[in-house]
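Novice: let me see the structure of the following:
(chains A and B)
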2 protein chains.
Amino acid sequence: MHWGVLLAGGSGTRFWPLSSPSRPKQLLPLAGSRSSAEEAVDRLAGFIPPERILVVTGAALAPPLQAALPVPHANYLIEPRAASTGPALVWATVEALRRDPDAGVISMHADWAIRDPSAFVATAATALDTAARHARLVTVGMVPSRPETGFGYIVPGEPLDGAARSVARFIEKPDAARALDLMADGALWNSGLFAWRAQDLLREVRLHTPEIATGLPALEAGDPIAFFEGVRAVSIDVGVFERSEAIAVVPGDFPWDDIGTWEALARVRPRDRRGNVVHGAVTLVECSDCIVWNDGPPLVLSGVRDLVVVHANQRTLVLDRARAPHLKHTLDALPEGVRDLE
Amino acid sequence: MHWGVLLAGGSGTRFWPLSSPSRPKQLLPLAGSRSSAEEAVDRLAGFIPPERILVVTGAALAPPLQAALPVPHANYLIEPRAASTGPALVWATVEALRRDPDAGVISMHADWAIRDPSAFVATAATALDTAARHARLVTVGMVPSRPETGFGYIVPGEPLDGAARSVARFIEKPDAARALDLMADGALWNSGLFAWRAQDLLREVRLHTPEIATGLPALEAGDPIAFFEGVRAVSIDVGVFERSEAIAVVPGDFPWDDIGTWEALARVRPRDRRGNVVHGAVTLVECSDCIVWNDGPPLVLSGVRDLVVVHANQRTLVLDRARAPHLKHTLDALPEGVRDLE
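Specialist: Residues are numbered from 1 along each chain as shown, chains lettered A, B, ... in the order given. Okay, here's the model as predicted:
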């Protein structure tokens, strides 16, 4: 059967001051009226029920996620420490295998905005089918909508069947000129949407990923604490996909956004005719290309452009929009008492 | 004896959302740690005691002014309606005359920032002395510190005695080129700091200002309500100074600011080395030439310039600094529920 794995960790400083340790971006209604974690579970409905969704997260986030999602509490895998995506996905895959010897796994992040749920499900089904048919690990490569420099890219190789291809190579985050070339050459964004049969992932980890494989006996003995003590932090991309031969790529051609920065709101939310995106009690007077989020009393902008303005969690931020991708630089400059949120 | 008249009316929308009908700018600590109304009374201490200061204001503002100032309640003149500076100053002058047949009056606005109180008092004394010696109405012309286009100018005429001169003419608010010429030619700002003997003002009003003179019998009969019913709104400049021959000008050479807009805070408050002026819990990260007032929880600005940002009275304003003189344009565009403060 098919199992969904939702990666829902993350400290959530990119949407400061709206996001906070107890309410990171996957629990915020950034793209619409519901949080991206809720939308992720909804999106799978009819394909994978909540009973077959495993949620990997940290101790602090488990309670708010459990309050928000219809996933059984027994399906939460609480990481004792953050160790990147490799150990998290191996743990979830072993758990799926424990419950279902024939488990096929599709893994995703809880903080994505996806506007076409049926196209998503069709692509996920293709990825799982490709994985099963070829006994390969499948990554879904998103068809780029812009020459984004914040993502890695996948260059597809020879055809397997249908839309599936082997992977010629993975490209690190490119500069702007290279991103344009990659887009023109048909390269795809490395999104983090993966599919595999549980047994195939474990086989490849044993072959290629000693950082994780050394912990497998503990995990198979039912001791995830010992597993995390035994593994090293490594991403599934670096630790497995970039080392394995048994991989494939399936294209994903639907609106996908990882809502990485405040800038993303201008992509995933409606804009007015002057390019502004607003949420909450906001009045704009002759403003353009502003992104405004207000959880508080009335906020007025007049005669300004290219700003990100946020009032939330007893903080107000007024940011040059060009700095949105580098918000960490601003946060690093703040006194703790200003920066730290509950 | 000398009497001070403090004009303390005004609806206070220029410092929205900090200023409000119940707390207009003269009650705000805009220039320092105390309000400009308090500073006005302090500034006269030793020269004119609070017992000889008359405060002209409206019904709504009398209680907060009475709470803030050491002036006896019997010295408050509550206007039944706003009718510009002419009727207000005539009423206060008649009241001073009623209490003191030899009254000399110095009148000022409650919303000024003046950084050199002893120079102010010396100038006020000179103005009162000039008024008494020549039986003229005296206006103090401020030595300009910039080619301001928001004020009227006074061109001095022939010398009287000391620094006192007659007035050659009054100039309406000039354009920028003319303001430069006026400043170079030794013209002075028409500030609104006036001095006269009570009997001289009433004489000139009877000669030149029928809009007010028709109400004088009611006022002398002790009926200010009937006075305001009988007069027409007219400024003391237009109604008296621009019509009378018995006038003089004395230069005022001390830092004077009428704190007319948010822009003024950059003149009356200390700036950091990047030209920013801040009040309250504000953190700036690589910002320049911003004016920030925050009465609320932490406010962070990053990578922005030439903004006015204000959080007060349950409102937040982010304004292009070039628009500060035209804040009314922004307020006119706001829904009542956003604009109106208590």
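Novice: please make it C-alpha for all contacts and neighbour counts, starting now.
Specialist: Will do.
Novice: next, give phi and psi for the spatially most central residue of chain A.
Specialist: Closest residue to the average C-alpha location of chain A: residue A:109 at 3.3 Å, with C-alpha atoms, centre = their mean. Dihedral pair for residue A:109: phi -100, psi 150, per degrees, to the nearest 10.
Novice: can you give me the helices for the stretch 101-250 of chain A?
Specialist: A:117-134, A:176-184, A:198-208, A:210-213, A:216-220, A:224-230, A:236 (DSSP state H, counting those that start in this stretch).
Novice: between the ones you listed, which one is nearest to chain B?
Specialist: helix A:176-184 (22.8 Å; C-alpha to the nearest C-alpha).
Novice: in the closest one, what counts as buried?
Specialist: A:179-180, A:182-183 (16 or more other C-alpha atoms under 10 Å in any protein chain shown).
Novice: ditto for stretch A:233-240
Specialist: A:233-237, A:239-240.
Novice: stretch A:81-91 too?
Specialist: So stretch A:81-91, judged by 16+ other C-alpha under 10 Å, has buried residues A:85-91.
Novice: dump that stretch to PDB, keeping only the CA atoms.
Specialist: Extracted C-alpha coordinates of stretch A:81-91, given in PDB (Å, rounded to 0.1, in the frame of the first residue of the first chain):
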ATOM      1  CA  ARG A  81      17.300  15.800  17.400                       C
ATOM      2  CA  ALA A  82      17.300  17.400  14.000                       C
ATOM      3  CA  ALA A  83      19.600  15.300  11.700                       C
ATOM      4  CA  SER A  84      18.500  16.500   8.200                       C
ATOM      5  CA  THR A  85      16.200  14.600   5.900                       C
ATOM      6  CA  GLY A  86      18.200  11.300   5.600                       C
ATOM      7  CA  PRO A  87      17.600   9.800   9.000                       C
ATOM      8  CA  ALA A  88      14.100  11.200   9.100                       C
ATOM      9  CA  LEU A  89      13.000   9.600   5.900                       C
ATOM     10  CA  VAL A  90      14.800   6.300   6.700                       C
ATOM     11  CA  TRP A  91      13.000   6.200  10.100                       C
END
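Novice: pLDDT on that stretch, on average?
Specialist: Averaging pLDDT along stretch A:81-91 yields 96.
Novice: and if you look at stretch A:179-188?
Specialist: pLDDT averaged over stretch A:179-188 gives 96.
Novice: can you measure across that stretch, start residue to end residue?
Specialist: End-to-end span of stretch A:179-188 (C-alpha to C-alpha, to the nearest Å): 10 Å.
Novice: residues in contact with it?
Specialist: Under the criterion C-alpha atoms under 8 Å, 6 or more residues apart in numbering or on different chains, residues A:141-144, A:146-149, A:153-156, A:251 lie in contact with stretch A:179-188.
Novice: please apply the same query to stretch A:60-67.
Specialist: By C-alpha under 8 Å, 6+ apart, stretch A:60-67 touches A:9, A:21-23, A:27, A:37, A:73, A:76, A:78.
Novice: try 7 Å this time
Specialist: Here stretch A:60-67 makes contact (C-alpha atoms under 7 Å, 6 or more residues apart in numbering or on different chains) with A:22, A:73.
Novice: filter the buried residues of stretch A:81-91 down to the ones near chain B?
Specialist: The subset of the buried residues of stretch A:81-91 within reach of chain B, by C-alpha under 7 Å from any C-alpha of the partner chain, is empty.
Novice: out of those, which comes closest to chain B?
Specialist: residue A:85 (32.3 Å).
Novice: my guess is that closest one contacts residue A:237, does it?
Specialist: No. In this structure residue A:85 lies outside contact range of residue A:237 using C-alpha atoms under 7 Å: 8.3 Å.
Novice: check contacts around residue A:255.
Specialist: A:114-116.
Novice: and if you look at residue A:48?
Specialist: Contacts of residue A:48 by C-alpha under 7 Å, 6+ apart are A:2-4.
Novice: would you turn those into a markdown table with pLDDT and distance to chain B?
Specialist: Compiled in a markdown table, the contacts of residue A:48 are given as follows (pLDDT from 0 to 100; distance: C-alpha to the nearest C-alpha, whole Å):
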| residue | pLDDT | distance to chain B |
| --- | --- | --- |
| A:2 | 98 | 46 |
| A:3 | 98 | 44 |
| A:4 | 98 | 40 |
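Novice: which ones among those residues lie within strands?
Specialist: Secondary structure from DSSP state E places A:2-4 of those in strands.
Novice: and the contacts of stretch A:332-342?
Specialist: Outside stretch A:332-342, the residues touching it (C-alpha under 7 Å, 6+ apart) are A:20-22, A:331, B:285, B:298.
Novice: quick check: end-to-end length of it?
Specialist: 17 Å.
Novice: likewise for stretch A:153-173?
Specialist: Stretch A:153-173: ends 7 Å apart by C-alpha to C-alpha.
Novice: show me what counts as buried in that stretch.
Specialist: Under 16+ other C-alpha under 10 Å, the buried positions of stretch A:153-173 are A:153-156, A:164-167, A:170-171, A:173.
Novice: wait, what's in contact with residue A:176?
Specialist: Residue A:176 neighbours (C-alpha under 7 Å, 6+ apart): A:147, A:149.
Novice: what pLDDT is listed against it?
Specialist: So, for residue A:176, pLDDT stands at 95.
Novice: what's the answer for residue A:13, then?
Specialist: Confidence score, pLDDT, at residue A:13: 83.
Novice: quick one: residue A:63 from residue A:92, how far?
Specialist: With C-alpha to C-alpha as the criterion, residue A:63 and residue A:92 are 19 Å apart.
Novice: neighbour-wise, which of those two wins?
Specialist: Set residue A:63 next to residue A:92 and count neighbours by other C-alpha atoms under 10 Å in any protein chain shown: residue A:92 wins out with 26 against 12.
Novice: where does the more buried one land in three-state SS?
Specialist: Residue A:92 carries the three-state label helix when classified by DSSP: H, G, I helix; E, B strand; the rest coil.
Novice: quick revisit: dump the contacts of residue A:48 into a markdown table; add neighbour count as well.
Specialist: Formatted as a markdown table, the contacts of residue A:48 follow (neighbours: other C-alpha atoms under 10 Å in any protein chain shown):
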| residue | neighbour count |
| --- | --- |
| A:2 | 20 |
| A:3 | 27 |
| A:4 | 27 |
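Novice: may I see those arranged in TSV, with distance to residue B:326 as well?
Specialist: Converted to TSV, the contacts of residue A:48 look like this (distance: C-alpha to C-alpha, whole Å):
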residue	distance to residue B:326
A:2	63
A:3	61
A:4	57
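Novice: the closest residue to residue A:251 other than its chain neighbours bridge partners, please.
Specialist: Excluding its sequence neighbours, the residue lying closest to residue A:251 (C-alpha to C-alpha, 6 or more residues apart in numbering or on different chains) is residue A:141, at 4.8 Å. Following DSSP bridges, residue A:141 is listed with bridge partners residue A:190, residue A:251.
Novice: what sits against residue A:141?
Specialist: Applying C-alpha under 7 Å, 6+ apart, the residues near residue A:141 are A:154, A:188-191, A:249-252.
Novice: most neighbours, which of those residues?
Specialist: residue A:249 leads the contacts of residue A:141 on contacts (other C-alpha under 10 Å) with 31 neighbours.
Novice: beyond the helix or strand residue A:66 falls within, next helix or strand please.
Specialist: Assigned by DSSP states H and E, residue A:66 belongs to helix A:62-68. Counting by DSSP H and E, the next helix or strand C-terminal to helix A:62-68 is strand A:76-79.
Novice: contacting residues around that following strand?
Specialist: So strand A:76-79 is contacted by A:54-59 (C-alpha under 7 Å, 6+ apart).
Novice: in it, what's buried?
Specialist: Quick answer for strand A:76-79 (16+ other C-alpha under 10 Å): A:76-79.
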